[in-house]
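1. Have a look at this fold, sequence not included:
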């Protein structure tokens, strides 16, 4: 299966990957907030190391301008010092929603992250996966993967006798 690029420039599909599920309607996430157990490994990672899940989300949402490590470290620092890491992660939920044309709800997003931080992070992670990103690769890895399918075919060498 060949990768394709929609007008938005967001990668959809990968070689040998199953087709992506249909996207949520305008204004909706493609999975529910409480669908955490649809991916048990992500659920466990987020439960025990939410900084990793958050860092991966932040790198993709920021389109590579921030790294997973820096965002994750800031998340841990905020959690350890003031316990308000949910405010930081809530801002990324708003950014993600803005990028995909979902209506923003500052109060609703803040409540979601305050009361259900792990579920919110899992939902955002799944949303980016459904939109074709492999969050393990980071932004630059996803762009390299996307560009691999767009390389011109190699030409045979010069004249041979």
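-> Now that the structure is in, tell me what you want to look at. Source: prediction; values computed, not measured.
2. got the contact list for the most centrally placed residue in the chain?
-> The centroid of the chain falls nearest to residue 128 when counting by C-alpha atoms, centre = their mean (3.5 Å). Neighbour list for residue 128: 57, 60, 61, 96, 135 [criterion: C-beta atoms under 8 Å, 6 or more residues apart in numbering]. For glycine as for every other residue, the C-beta is placed from the backbone atoms N, C-alpha and C.
3. What's the per-residue pLDDT of it here?
-> pLDDT recorded at residue 128 is 96.
4. Buried residues of the helix or strand encompassing it, list them for me.
-> Here residue 128, judged by DSSP states H and E, is contained in helix 117-130. Buried residues in helix 117-130, defined by neighbour count with 16 or more other C-beta atoms under 10 Å: 117-130.
5. Residue 104 contacts residue 94, doesn't it?
-> Yes - using C-beta atoms under 8 Å, residue 104 is in contact with residue 94, at 5.4 Å.
6. With neighbour numbers in mind, choose between these two.
-> Neighbours around residue 104 and residue 94, counted as other C-beta atoms under 10 Å, are more numerous at residue 94. The numbers are 17 against 12.
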